[in-house]
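S.K.: Sequence and predicted structure below; questions after.
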Amino acid sequence: MLLAHISDLHVLAEGKLAYGVVDTNGLVAAAIADINQLSPQPDLVVATGDLVHWGEVAEYEQLKMLLGRLEMPVYLLPGNHDQRQNLRRVFADQSYLPNEGADGGEYLQYVIDDYPMRLIMLDTVVPGEGGGELDESRLAWLAAQLAAAPRRPTLVFMHHPPFTTQITSMDAIGLKGRDRFAEIISRYPCVERVGCGHLHRPILKRWAGTIAYTVPSLVHQVDLDLRPEAEGQFRMEPPAYHLHLWHDDTGLISHTQYVGSYAGPYPFAVAS
Ligand SMILES: [Fe+2]
Ligand SMILES: [Fe+2]
């Protein structure tokens with residue numbers, strides 16, 4: 001099983017730039033072309049939020065057009081830039097997305113059980129806020145899903161990471177409820193990774209007995225500045241995504257793939 005984890009697409013209405021600078025739609029289109037040309041191709045793609053920039057219907061329509069180019073299924077989660085209702089409205093034909101009355105309630109939380117690894121998708125969004133939360137109802141849902149298959153290898157995906165990064169501006173919009181979340185996850189060694197976005201940087205941490213990480217953004221990256229007084233800025237570092245490769249005999253191996261055009265590949269075996 002090969003899974004591509006993408007995050008923070010920040011898609012805009014046609015012709016718009018993020019922060020007046022970033023052609024997010026063009027960068028997302030390039031990333032989708034990159035994923036399609038992989039060999040072997042991923043079996044599926046997971047996109048962990050900040051799917052669009054302002055949460056508007058016109059942006060979700062652009063997103064749908066762009067994601068429609070993927071040659072494999074894609075599973076969506078919202079981030080703090082998303083708007084659940086508009087996301088639901090434009091992607092109403094996607095049967096994996098729970099409707100409002102379903103188990104999990106108002107949240108876009110769901111389980112995908114069709115692959116060798118089980119995927120548990122958590123919704124951390126608090127409408128109108130940059131930070132996220134896993135409150136008791138969302139955590140109770142998670143605990144029930146884990147208890148239903150406690151030995152199946154599992155990936156948990158969500159937008160906000162459950163750890164601080166020492167990037168002050170991003171920690172200020174972190175995740176509430178993470179101690180209780182850690183308590184639940186630590187009871188299940190079957191959780192191989194907790195895969196997140198939001199940080200627009202590659203970061204990983206041993207956390208609650210597993211590995212929690214953030215994947216880079218497909219568009220702009222958060223500037224790495226660990227000074228406590230640093231103000232948040234972004235930088236056009238190479239966009240990237242993760243590829244998780246699962247075999248029963250090797251376990252889970254996670255690769256990082258950079259999007260863009262770079263010189264090479266060159267053979268190692270050349271006469272000097
Ligand atoms: Fe983002
Ligand atoms: Fe975010």
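M.R.: Arrived safely. Ligands and ions are numbered 1, 2, ... in the order given.
S.K.: switch to C-alpha atoms for all contacts and neighbour counts from now on
M.R.: Noted.
S.K.: Against ligand 2, how distant is the closest residue to His247 other than its chain neighbours?
M.R.: Nearest residue to His247 in three dimensions, chain neighbours excluded: Met1, at 6.8 Å (C-alpha to C-alpha, 6 or more residues apart in numbering). Noted for Met1: a distance of 27 Å to ligand 2, by C-alpha to the ion, to the nearest Å.
S.K.: just checking, Met1 touches Asp114?
M.R.: No. Look at Met1 against Asp114 with C-alpha atoms under 8 Å: they stay out of range, at 10.9 Å.
S.K.: Of those two, give the one with the bigger neighbour count.
M.R.: The neighbour comparison of Met1 against Asp114 (other C-alpha atoms under 10 Å) goes to Met1, with 14 against 8.
S.K.: and stretch 228-239, is it in reach of ligand 2?
M.R.: No. Judged by C-alpha under 5 Å from the ion, stretch 228-239 makes no contact with ligand 2; its nearest approach is 12.9 Å.
S.K.: Check what contacts that stretch and list those residues.
M.R.: Identification of contacts with stretch 228-239 by C-alpha atoms under 8 Å, 6 or more residues apart in numbering yields 166-170, 216-223, 258-260.
S.K.: which among the residues you listed gets closest to ligand 2?
M.R.: Proximity of the contacts of stretch 228-239 to ligand 2 (C-alpha to the ion) peaks at Met170, which lies at 8.8 Å.
S.K.: Next up, the contacts around that closest one.
M.R.: 199, 232 are the contacts of Met170 under C-alpha under 8 Å, 6+ apart.
S.K.: Kindly confirm my reading that it forms part of a strand.
M.R.: No. Met170: not assigned to a strand; according to DSSP: H, G, I helix; E, B strand; the rest coil it is helix.
S.K.: and the chain, which of its residues are near ligand 1?
M.R.: 8, 50, 198.
S.K.: quick one: which of these is most hemmed in?
M.R.: Going by other C-alpha under 10 Å, Asp8 tops these with 30 neighbours.
S.K.: check contacts around it.
M.R.: 47-52, 197-198, 200, 216-219 are the contacts of Asp8 under C-alpha under 8 Å, 6+ apart.
S.K.: Show me the subset of those that also lies near ligand 2.
M.R.: His198.
S.K.: Quick check: the two most widely separated of the contacts of Asp8?
M.R.: Pairwise distances across the contacts of Asp8 (C-alpha to C-alpha) peak at 15.7 Å, for the pair Val52 and Pro216.
S.K.: Neighbours of Gly264, how many?
M.R.: Count around Gly264 with other C-alpha under 10 Å applied: 6.
S.K.: Could you do Glu237 as well?
M.R.: Count around Glu237 with other C-alpha under 10 Å applied: 15.
S.K.: Next one, pLDDT for it please.
M.R.: Per-residue confidence at Glu237 stands at 98 (pLDDT).
S.K.: Same check on Val270?
M.R.: 80.
S.K.: could you show me where the helices are in the stretch 51-200 of the chain, in order?
M.R.: Remark: helices assigned in the stretch 51-200 of the chain by DSSP state H, counting those that start in this stretch are 57-67, 84-90, 136-148, 168-171, 178-185.
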